[in-house]
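Peer 1: Sequence plus predicted model, see below.
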Amino acid sequence: MELPLTYTLFTPAVVTSPKICRDFVRSTLETLGLGELADTAALCTSELVTNVHQHVRGEIHLRTTVEGKGVRIAVYDRSPVPPCSQAKVGEDAEGGRGLVLVEALAHGFGVTKVRDGKGVWFWLAAEDE
């Protein structure tokens, strides 16, 4: 298998999109022998896709790239506005923890401006990397 391998999914930003994207990422990583990253990658993907569904609307472009013993997952949308992390969220709040969670779990995290919006990405490395 020649790396990198990139897998892409386009989906509307609707209520079912986080699950569809989460399942896509999980099955891709398990199929490629990176099952140890699948749960964390699926959770982080779900958080990023949920942000698009809640704040941006439109189409979601999910890109999963396997490089070496790790994976880079990016969620693209058409808004140029970068997401903002809410450092302090009340105990009763139903949301606002997604980006904090992604930053805590991922080995790398960032935002990339693209011609027609932005991509929010994270990197996960396998344990032996």
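Peer 2: Right, received. Where do you want to start?
Peer 1: This protein: strands as residue ranges?
Peer 2: 5-12, 59-67, 70-77, 108-114, 117-125 (DSSP state E).
Peer 1: ok, Arg115 - how many residues close by?
Peer 2: 5 (other CB atoms under 10 Å). Where C-beta positions appear, they are placed from N, C-alpha and C, glycine not excepted.
Peer 1: Over to Tyr76?
Peer 2: Tyr76: 22 neighbours (other CB under 10 Å).
Peer 1: Need the winner for burial among the strands of the chain.
Peer 2: strand 70-77 (a mean of 23; mean count of other CB atoms under 10 Å).
Peer 1: what residues are up against the residue lying closest to Glu30 once chain neighbours are set aside?
Peer 2: Nearest residue to Glu30, sequence neighbours excluded (CB to CB, 6 or more residues apart in numbering): Ala38, at 5.3 Å. Counting by CB atoms under 8 Å, 6 or more residues apart in numbering, Ala38 touches 25-26, 29-30.
Peer 1: least trustworthy helix or strand in the chain by mean pLDDT?
Peer 2: Counting by mean pLDDT, DSSP states H and E, the chain has its least confident helix or strand at helix 98-105, which shows a mean of 90.
Peer 1: Which strands or helices does it pack on?
Peer 2: helix 35-55, strand 117-125 (3 or more CB pairs under 8 Å, 6 or more residues apart in numbering; DSSP states H and E).
Peer 1: Can you list the low-confidence ranges for this protein?
Peer 2: 84-97, 128-129 (pLDDT under 70).
Peer 1: thinking again about what came up before, just name the closest of the contacts of Ala38 to His55, please.
Peer 2: His55 has its nearest neighbour among the contacts of Ala38 in Val25, at 20.5 Å by CB to CB.
Peer 1: any idea how far that closest one is from Arg115?
Peer 2: Noted for Val25: a distance of 25 Å to Arg115, by CB to CB, to the nearest Å.
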